[in-house]
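Peer 1: What would the 3D arrangement of this be:
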Amino acid sequence: MEKKSTGHTVYQQIRRVSVLGILVAMVLATGAGLSLNLFQERRIRDDTLTTAVQAVSHTLTITDGDEPALIMEYVDRTVHGISGIDLFAVYDADGQPVYLCDVTDSESSAASLESLDEALMNRLSASEDALLDDARAPEGADHCAYAAVHRPDGSVKGYVMAGLYLSSIRSTGLRTLEIYLLIGAAALGVGSFLSMQLAQRIKSDLLGYEPDAFRDLFLRRMELLDALDEGLLAIDREEHIIYINRAAAEMLSFDKSAVVGKPLSEVYPQSTIPRVMHTEQPEYNISLESLHHIRILSDRMPVRRDGQIVGAVAIFRNRTEVANLARELTGVQHIVEAMRAYTHEFMNKLHVILGLLQLGEAKQAEDYVLQLTQTKALSVGRISQSIAEPSVAALLIGKSCRAAELGVRLTLDPESHLSSDTHYLPASGMITILGNLIENAFDAFGNTPSDTLHEIDVSVRESERGLILSVDDNACGMPEEVREHIFERGSTSKGEGHGTGLFLVKSVVDAYDGEIRVESTQGVGSSFIITFRPPRAADT
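Peer 2: Here you go, the predicted structure:
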């Protein structure tokens, strides 16, 4: 199917340029050729007219009696035998017309001619050659030649004149112009045909797209490739870099604009990408050992066109970032951190017990163990009774231990309830949300005075009307300009390597059609409330 274009088609553009070029060339050629032709025609006419009057003047003898009939016969033969003459006239020595032969008018007579001007006769008498004089041409004639007829003794016996009408000159110019127009029309036809052939070939090379549509498609695809997190690098048959996207440039620490067009061996000598052009086999999950700051996996494959290998393309994946994101999305990182905090707190308690025993305070150590066991049992029991999902309960237990280690009081709302088979959100999504929000609250206390009581309240409420998750803290709060960007990836005040926690929270909320509301007051604290409503019944 032919792809549509919003502008002129390639055929229209090529045809327009071709027609314009042909017209300009035709105008220039016609102007130059017509001028040259007319100049040559004029010179030929002048030669014809002067030759005719000179030939007649050298052989003609004007006498009285019956010789005018001979003169008429001779002039008629001369005029009709020479092409390019419209009229021929004979004058006597006084410049009076005695005979006229008009090729275009059989009824013409000498009576229609005026006598010659005296100044012209004087000029002709003094010259042995023919003279061209258009100013004194007979009425209707446009170009004339005159010559004097001399006696053997040199005296003037009479004059002869040969001339052309303006219509004859015009017809010559029109015939020349007509020839050029026919040539131009043929050139336009041939140009249009060749334009159509060229346009079809160009469209075939552009896969059926018009050039402007192909350009828009190309730019959009380049923008999409630049937006990918995976890196792309392409080389041609000569192993020169012909394309590299933003992600690949960042992974390989290249200047994107500087490396395009350069040999791959010059900018990345350790690369083995060209190998696939020799083996003609793709390679997958190749670890780039030459890069030590990040772990990169690469897929590379040859690029074929019409059965011939014309280059290779490599795809780079940042394995370090992928692994970190996977741990964040599945909640494994939060579980591990919670268990680490729980273990750390447990070791602290063991150290207290060990110290009491070493001091000989066995009774006090016993009371401490009983109190600790009772307190921890109450805390764990309360969370286990409210939260039936084991992984979520384990997360909250671990975070409570982490909170105790940081000097933060983390409490679970007594009204909290979560079933083990909740259908609003999978456990991994809930771990991502609660884990990141609680960690965000921990980080917020870093900007608050240490002598104040730090508190975090967590609520998990599930009912038939929906699921509500909330995390409140009494930290420093957020200004309006910060709150507007907290869910953007990389938005953080904690430095490089952070800024994905709240972005992941927002991603999970959006994936499961939830709603998130943030309330924050500087100097008071922040509150994150997330709501998931039951899915609507399908229409029947």
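
Peer 1: Could you use CA atoms for every contact and neighbour count after this?
Peer 2: Fine.

Peer 1: got a list of what I438 touches?
Peer 2: The neighbours of I438, taking C-alpha atoms under 8 Å, 6 or more residues apart in numbering as the test, are K399, I456, V471.

Peer 1: Pull the residues that contact stretch 251-271.
Peer 2: 231, 235, 238-246, 249, 290-291, 294, 318.

Peer 1: Pull the number of nearby residues for H143.
Peer 2: Using other C-alpha atoms under 10 Å, H143 has 23 neighbouring residues.

Peer 1: Quick check, pLDDT for it.
Peer 2: Predicted confidence (pLDDT) at H143: the value is 77.

Peer 1: try the one 3 residues further on
Peer 2: Among the per-residue scores, Y146 holds a pLDDT of 88.

Peer 1: same thing with E415?
Peer 2: For E415, the predicted pLDDT is 90.

Peer 1: How about it, nearest residue that isn't a chain neighbour?
Peer 2: Once flanking residues are discounted, E415 sits nearest to R461: 7.1 Å by C-alpha to C-alpha, 6 or more residues apart in numbering.

Peer 1: what's the one you found in contact with, if anything?
Peer 2: Per C-alpha under 8 Å, 6+ apart, neighbours of R461: E415, S416, H417, L418, L467, I468, L469.

Peer 1: residue contacts, the second one?
Peer 2: Read that as S416. By C-alpha under 8 Å, 6+ apart, the neighbours of S416 are S386, I387, S459, V460, R461, E462.

Peer 1: what's the helix or strand where R409 lies in contact with?
Peer 2: Assigned by DSSP states H and E, R409 belongs to strand 408-412. Residues outside strand 408-412 that contact it (C-alpha under 8 Å, 6+ apart): I383, K399, S400, A403, A404, L453, H454, E455, I456, D457, V458, S459.

Peer 1: at 7 Å what do you get?
Peer 2: Residues from elsewhere that reach strand 408-412 (C-alpha atoms under 7 Å, 6 or more residues apart in numbering): S400, A403, H454, E455, I456, D457, V458, S459.

Peer 1: for that strand, what is the average pLDDT?
Peer 2: Averaged across strand 408-412, the pLDDT comes to 87.

Peer 1: Spell out the secondary structure type for D46.
Peer 2: Here D46 is recorded as helix under DSSP: H, G, I helix; E, B strand; the rest coil.

Peer 1: about what we covered before: the strand holding R409 pairs with which strands?
Peer 2: strand 454-463 (parallel) (DSSP bridges).

Peer 1: For the strand it pairs with, buried residues please.
Peer 2: For strand 454-463, the neighbour count (16 or more other C-alpha atoms under 10 Å) marks H454, E455, I456, D457, V458, S459, V460, R461, E462 as buried.

Peer 1: What pairs with the helix or strand following that strand, parallel or antiparallel?
Peer 2: Following strand 454-463 in sequence order, the next helix or strand is strand 466-473 (DSSP H and E). Here strand 466-473 is paired, per DSSP bridges, with strand 454-463 (antiparallel), strand 525-532 (antiparallel).

Peer 1: which SS class is L233?
Peer 2: L233 - assigned by three-state DSSP - is strand.

Peer 1: Give me the nearest residue to it, chain neighbours excluded.
Peer 2: Take L233 and drop its neighbours on the chain: the residue closest to it by C-alpha to C-alpha, 6+ apart is I244, 4.4 Å away.

Peer 1: That neighbour and T452, how far apart?
Peer 2: Plainly put, I244 is 53 Å away from T452 if you go by C-alpha to C-alpha, to the nearest Å.

Peer 1: Settle it for me: which of the two has more neighbours?
Peer 2: I244 (23 against 11).

Peer 1: secondary structure element for A187?
Peer 2: Per DSSP H and E, A187 falls inside helix 166-205.

Peer 1: Quick one: list the elements packing against that helix.
Peer 2: helix 10-59 (3 or more C-alpha pairs under 7 Å, 6 or more residues apart in numbering; DSSP states H and E).

Peer 1: so where is the stretch 301-450 of the chain shaky, pLDDT-wise?
Peer 2: 319-354, 356-357, 365-381 (pLDDT under 70).

Peer 1: Burial check on the residue nearest to A89 when sequence neighbours are not counted, number of neighbours?
Peer 2: In space, and not counting its chain neighbours, A89 is closest to L100: 4.3 Å by C-alpha to C-alpha, 6+ apart. Using other C-alpha under 10 Å, L100 has 23 neighbouring residues.

Peer 1: What of the one 4 residues further on?
Peer 2: Here the count is done by other C-alpha under 10 Å, and T104 has 11 residues near it.

Peer 1: Need the pLDDT of the spatially closest residue to it that is not a sequence neighbour.
Peer 2: Closest residue to T104 in three dimensions, ignoring its sequence neighbours and counting by C-alpha to C-alpha, 6+ apart: D86, at 6.5 Å. On the pLDDT scale, D86 is placed at 77.

Peer 1: what about D86, neighbour count?
Peer 2: The number of residues packed near D86 is 22, by other C-alpha under 10 Å.

Peer 1: Report the contact partners of it.
Peer 2: Per C-alpha under 7 Å, 6+ apart, neighbours of D86: D102, V103, T104, G163, L164, Y165.

Peer 1: what about 6 Å?
Peer 2: The contact partners of D86, taken as C-alpha atoms under 6 Å, 6 or more residues apart in numbering, are D102, V103, G163, L164.

Peer 1: Can you pull the phi/psi pair for it?
Peer 2: phi -100, psi -30 (degrees, to the nearest 10).

Peer 1: now do D510
Peer 2: Dihedral angles of D510 (phi, psi; degrees, to the nearest 10) stand at phi -70, psi -40.

Peer 1: any idea how far it is from S526?
Peer 2: 21 Å.

Peer 1: got it, and R305?
Peer 2: For R305, the distance to S526 - C-alpha to C-alpha - is 59 Å.

Peer 1: more neighbours, the two?
Peer 2: Set side by side, R305 and S526 show more neighbours around S526, with 21 against 8, by other C-alpha under 10 Å.

Peer 1: My understanding was that the more buried one contacts G477; is that so?
Peer 2: Yes: at 5.2 Å, S526 counts as touching G477 under the criterion of C-alpha atoms under 6 Å.

Peer 1: what is in contact with the two at once?
Peer 2: Counting by C-alpha under 6 Å, 6+ apart, the residues touching both S526 and G477 are S520.

Peer 1: Where does pLDDT dip in the stretch 151-300 of the chain?
Peer 2: 166-170, 172-173, 199, 203, 205-215, 217-218, 289-294.

Peer 1: Now compare the contacts of stretch 251-271 and name the two farthest from each other.
Peer 2: Across those, no pair lies farther apart than E238 and I294, at 28.9 Å, counting by C-alpha to C-alpha.
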